[in-house]
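> pasting the sequence and the predicted coordinates here, then a few questions.
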Amino acid sequence: MDGNRRWAQQRKLPAIFGHRAGAERVRTLVKACAERKVQRLTIFAFSTENWRRPADEVTGLMALLRRYLQREVAALKEQGVQLRIIGDKSRFSPAIQALIASAEEQTAAGTRLQLNIAINYGGQLDIVQAVQRWQAEHPGLAIADLTPEALSPYLATADGPAPDLLIRTGGECRISNFMIWQLAYTELYFTPIFWPDFQEPHLDQAIAWYQERDRRFGGASQKYG
C-alpha cells in the first residue's frame with residue numbers, strides 16, 4: 001500500500017495524514033474484496049525496515065494500528081472477515097500484542113474473507129525464521145535435507161496458498177521484501193496511483209488485467225497452445 005507519504009506531501013500535510021487516509025482506504029478495499037469473493041487478502045502495513053522512519057511517524061503508525069484493532073474488529077466480524085496478523089509481534093508493546101490476540105480471537109470464525117495484515121514483516125526474515133522453525137522440529141536432519149515443500153509449512157502464510165495477484169500502488173516497480181518466497185509465480189501489477197486514491201474501479205482494473213494473464217508456472221502456455 002505505497003504512496004501515503006507522497007499523497008500527504010502533495011497536499012502539504014504531515015506524513016501521518018497520508019497514513020490516516022490510507023487506513024480509511026483499507027476499510028473500503030477490504031469490503032470491496034469481500035464483495036468480489038476474494039478469499040484471501042494480505043496487506044503490507046509495516047515492514048521490518050519501517051522502524052528506520054522518523055520517530056514521530058513510527059509513533060503515529062503505532063497509534064493508527066491500535067485504533068484499527070480497537071475500532072474495526074466489530075465490522076470485520078459482522079462481514080465474516082477473519083483477521084490474522086503476520087510478522088514478528090514481539091517488538092510491539094504489550095497493549096498492542098493484547099489487541100492483536102483479541103482481534104484474532106474475535107474474528108476467528110469468519111469464513112467470507114481471510115484478511116492478513118503484515119506488520120513488522122519482512123520476506124527475508126520470514127524465510128530465515130521458517131528455516132529455524134524447521135530445524136528446531138527436525139534436530140536429527142541436516143540442512144541438506146530441507147526441500148521447498150518441507151519449508152513452506154513454516155512460513156508466516158503456511159495456512160493458505162501462494163498469492164495469485166500482487167498489487168503495488170504508488171508507482172514503484174519492486175516488491176520491497178514482501179513475501180519473496182510466496183510470490184515466486186504471482187502476477188505483479190504496478191500502478192502509479194497512490195494508495196489513498198486507490199478505489200474500487202482501480203481494483204477492478206487490476207483484476208481484469210490479472211484475468212488476461214497466461215499463468216504457466218514454468219510449463220507450456222495453456223492460453224495460446
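Sure thing, it's come through. Fair warning: this is a prediction, and the values are worked out from it, not measured in the lab. Residues are numbered from 1 along each chain as shown.

> quick check: longest helix of this structure.
Longest helix of the chain, by residue count under DSSP state H: helix 15-35.

> now the most centrally placed residue in the chain: how far from residue 21?
The centre of the chain sits closest to residue 43, judged by Cα atoms, centre = their mean, with a distance of 2.6 Å. With the distance defined as Cβ to Cβ, to the nearest Å, residue 43 ends up 15 Å from residue 21. For the C-beta atoms, the positions are set from N, CA and C on the backbone; glycine is no exception.

> what's the answer for residue 207, then?
Following Cβ to Cβ, the distance that separates residue 207 from residue 21 is 23 Å.

> what of residue 139?
49 Å.

> more crowded one of those two?
Between residue 139 and residue 21, counting by other Cβ atoms under 10 Å, residue 21 is the more crowded of the two (18 against 6).

> show me what contacts residue 175?
Contact analysis of residue 175 by Cβ atoms under 8 Å, 6 or more residues apart in numbering lists 123, 166, 168, 183, 188.

> what's it sitting at in phi/psi?
When read as degrees, to the nearest 10, the backbone of residue 175 gives phi -100, psi -10.

> how many neighbours does the closest residue to residue 95 other than its chain neighbours have?
In space, residue 95 comes closest to residue 66 once its chain neighbours are excluded; the distance is 7.2 Å by Cβ to Cβ, 6 or more residues apart in numbering. Residues contacting residue 66 under the criterion other Cβ under 10 Å number 15.

> returning to that earlier point: could I get the contacts of residue 175 as a markdown table with secondary structure, neighbour count and distance to residue 130?
Below are those laid out as a markdown table (DSSP: H, G, I helix; E, B strand; the rest coil; neighbours: other Cβ atoms under 10 Å; distance: Cβ to Cβ, whole Å):
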| residue | secondary structure | neighbour count | distance to residue 130 |
| --- | --- | --- | --- |
| 123 | helix | 22 | 11 |
| 166 | strand | 19 | 20 |
| 168 | strand | 20 | 23 |
| 183 | coil | 15 | 15 |
| 188 | strand | 14 | 22 |
